[in-house]
Structure formats: C-alpha cells, structure tokens
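Peer 1: Sequence and predicted structure are below.
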Amino acid sequence: MTDLSLFLCGDVMLGRGIDQILRVPGKPKLFEAHAMSVLRYVQLAEELHGPIPRHVPPEYVWGDALAAMAQEKPALRIVNLETAVTTASRPWPKGINYRMHPGNVDCLTAARINCCVVANNHVLDWGREGLVETLDSLRRAGIRVSGAGHDATEAAAPAMLAVPGGSRLLVFGFAATSSGVPQAWAAGSTTPGVNLLPDLSTDRAARLAGSTRQLRRPGDLLMASIHWGGNWGYAIEAGQRAFAHALIDGGFDLVHGHSSHHPKALEVHRGRLVLYGCGDFINDYEGIAGYERFRGDLSLMYFPRLDAATGALRALRMVPVQISRFRLRRPSAGDAAWLYDVISRESHGLDTRLAPCGDGSFAIEGAAA
C-alpha cells in the first residue's frame, strides 16, 4: 500500500435538538438562560426550513455525506465528537450543555466512524459521570476514543488505528483552554477528564512529539487533533501556527484543528497537512441569528491522502456540505463557490493554493510536490 486515505471533519454535535429527532431522544430539559427545553432548537430549525421528521434512522443526519464517503472510500474516518453520550442528569454549570442518549450511538456507527476525538469543551457538559458514560458508550460501539480518559494517562494515550498494510495511525487528542475548556476538566492521576494543553509553546510541542517515540513503531503515522481558539473569525493566531509547525517538525504527520464554527485556512508545512479549523459539521444551530456573514451552515468534508510510508500529503479533496433540517446535503453551486472563494483566499495567505474540481469540491494544488 502506498497511500492512506482519511475522512476528517470538524465538530459533530449530535446532542440537544438533534438528539430529539433520533430514535431514542433523551430528556428535553435544559439549563440555559434562553431555552429550558431542547425542543426549542427543533422549533427554530423548523421555522426556518420546514418540518423535521422524528425518530429518524441513524443515518439520517449524515444525508449526502454518506454518498461522498462511499465515493472517496477513506480507510479511516475520524471526527471531533462535541457531545456527551450520557443519561447523566447533573449538568456542569457552564450555561450550555450537550448530550446525546447512549441509545443513539448508532448514529456514529451508521457513518462507520472509526475514531471520535473528545478533547473539547462539551464532553464534560454532564460532569465526570457523563464523561465516563461517554467513553464507555463509544467503546462498546467499537469506536476508538482519543483526548479524554478515566485518568491522565488514558487521556493522553493515542487512539491506535490499524492501517491496511500493517502499520498504524496514532491519533492524539488535545484541548486548549482558548476553546472554552475549563481548567478543572483536565484529567488527573485518578480523575477522569480531557487531555488539556497547559500552553501552546513550541517547547511544549517538542516535548509532546518526543513523548511519542516510545509508542511509535516503524511505519506508524501520527496525527494531532486539537480543539483550540474561538468560534468565529478567520485569523490564524501566530501561536497556533508556530505550535502546529513545531509538532510537524517533531514528527507528527497531520494536524487536525477544530473549534471554529466555520472552516478556516489550511496549509502544507514540510509536506504535511495542517487544518487550522474544520468548522462545525453537524449541529442544531439552524434558526439561531448572529454571525450570518460566516455562513456557519456551510462546512467541509476533508479527504486527505497521505503517503503511507512517509506521511507526506499526496492529495486533499474538500467536499462542501450544508446543514438543513438537521441533515447534511450538497449545497447549491453558488454556495459551494462562495465557500471555495473564502477558503482559497484565507489559505493563500499561508502560501497554499486551492483549485476547483468542477463538481463543487476543491483541492490543494501541488500537494505531492
């Protein structure tokens, strides 16, 4: 085997309103300032786009994304799951709390997700009890987990995914406080929590890269999946860029950034892919006003193809999708072109050139160079 094909995306938020349309809806009570029931979010979406069916099959929310995956045939599918999977009833007092009933975990297996990164600012929304149930629910479903654990050692350990040909992809999940992760959520020696980054210094990145050497076998590839930064805006912080470069300089092959509610710029550093913000992929934000200029309803499916021997990026295809009625669909030609123009403009500032593919998708130019 010469190439490893992947599917990556940003935040998959299957809780709250989306949980209510799945086959096993959880309790609808919320503890938010502006909504006391998750049904309010279903109502807002229906007011904008029309009726949404209830008790939908597990593949419903993925919509047209499933056909794109079938066409690309990625060997591994990796998402940032920004939802607790739990029936826990005591929310962390943070204002917004996401949870999906464990009975709906088949929503993830329906898309054949191999790995959920859970180092983010919603996985402990229902406390440590909710986190433990989330970890156990995913593992019972056969889904590997990265970025959180029953203790600090487990939280820092990578998900080890078998790659056709005998090697592995090691997925390390990290969370930064800049994304809204409370310091108290850090995993401890005997305390469940997330793999929290103390800082984004280049020294920290070098130490993280160095700590992987005892785990890495010949032929293994390394991916860093990081929840960092704010929700809105296209600017790439200098500290994030330096941290990503230092990870790659230290031996990582791919940096998968998320937290922004819309896709951001990407670049290729020393032949390796850096995604600074993949955007929300699935959420229940339809009908919520504000930040319309960022078009948070539009997102991207990322299909990188890596040299399986070296980790170098050989190609990257990006397929636009749009959230409507809590389901992913292919956007209009005009909306796809708008997203291409934005990501092309922002990536150009990082010396990365994109090119349209003629079907609404687009790609990096000269990725294998």
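Peer 2: Ah, there it is.

Peer 1: rest of the way, CA atoms for contacts and neighbours
Peer 2: Fine.

Peer 1: If you tally nearby residues, what's the number for residue 296?
Peer 2: Residues lying near residue 296 (other CA atoms under 10 Å) number 22.

Peer 1: out of everything not next to it in sequence, what's closest to it?
Peer 2: residue 262 (5.1 Å; CA to CA, 6 or more residues apart in numbering).

Peer 1: So, low pLDDT: which residues of the stretch 101-250 of the chain?
Peer 2: Along the stretch 101-250 of the chain, no part satisfies pLDDT under 70.

Peer 1: ok, back up a step: and the residue nearest to residue 296, how far from residue 7?
Peer 2: Distance of residue 262 to residue 7, computed by CA to CA, to the nearest Å: 18 Å.

Peer 1: Give me the distance between the two termini of stretch 101-111.
Peer 2: Start-to-end span of stretch 101-111 (CA to CA) is 17 Å.

Peer 1: How about residues contacting that stretch?
Peer 2: For stretch 101-111, the external contacting residues (CA atoms under 8 Å, 6 or more residues apart in numbering) are 15, 19, 22-26, 57-59, 61-62, 66, 85-87, 134, 137-138, 141, 143.

Peer 1: For ChimeraX, what selects the buried ones among these?
Peer 2: To isolate the buried ones among the contacts of stretch 101-111 in ChimeraX, judged by 16 or more other CA atoms under 10 Å, type:
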select :15,19,22,23,24,25,26,58,59,61,62,66,85,86,87,134,137,138,143
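
Peer 1: quick revisit: neighbour count for residue 262 and residue 7, which is higher?
Peer 2: Between residue 262 and residue 7, counting by other CA under 10 Å, residue 262 is the more crowded of the two (25 against 22).

Peer 1: list the helices and strands the longest helix along the chain packs on?
Peer 2: Looking across the chain with DSSP state H, the single longest helix is helix 333-348. Secondary-structure packing of helix 333-348 (3 or more CA pairs under 8 Å, 6 or more residues apart in numbering; DSSP states H and E): strand 266-269, strand 354-356.

Peer 1: could I get those as TSV with distance to residue 126, mean pLDDT and mean neighbour count?
Peer 2: Below are the helices and strands packed on helix 333-348 laid out as TSV (distance: least, CA to CA, whole Å; pLDDT from 0 to 100; neighbours: other CA atoms under 10 Å):
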stretch	distance to residue 126	mean pLDDT	mean neighbour count
strand 266-269	33	98	23
strand 354-356	41	97	18
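
Peer 1: Reformat those strands into TSV and put distance to residue 114 next to each item.
Peer 2: As requested, the helices and strands packed on helix 333-348 are exported to TSV (distance: least, CA to CA, whole Å):
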stretch	distance to residue 114
strand 266-269	24
strand 354-356	28
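
Peer 1: Out of these, which gets nearest to residue 316?
Peer 2: Closest approach to residue 316 among the helices and strands packed on helix 333-348 is made by strand 354-356 (9.7 Å; CA to CA).

Peer 1: How about residues contacting the closest one?
Peer 2: Here strand 354-356 makes contact (CA under 8 Å, 6+ apart) with 340, 344, 347, 362-365.

Peer 1: And the nearest residue to residue 307 once chain neighbours are set aside, how far from residue 271?
Peer 2: In space, residue 307 comes closest to residue 3 once its chain neighbours are excluded; the distance is 4.6 Å by CA to CA, 6+ apart. According to CA to CA, residue 3 and residue 271 sit 14 Å apart.
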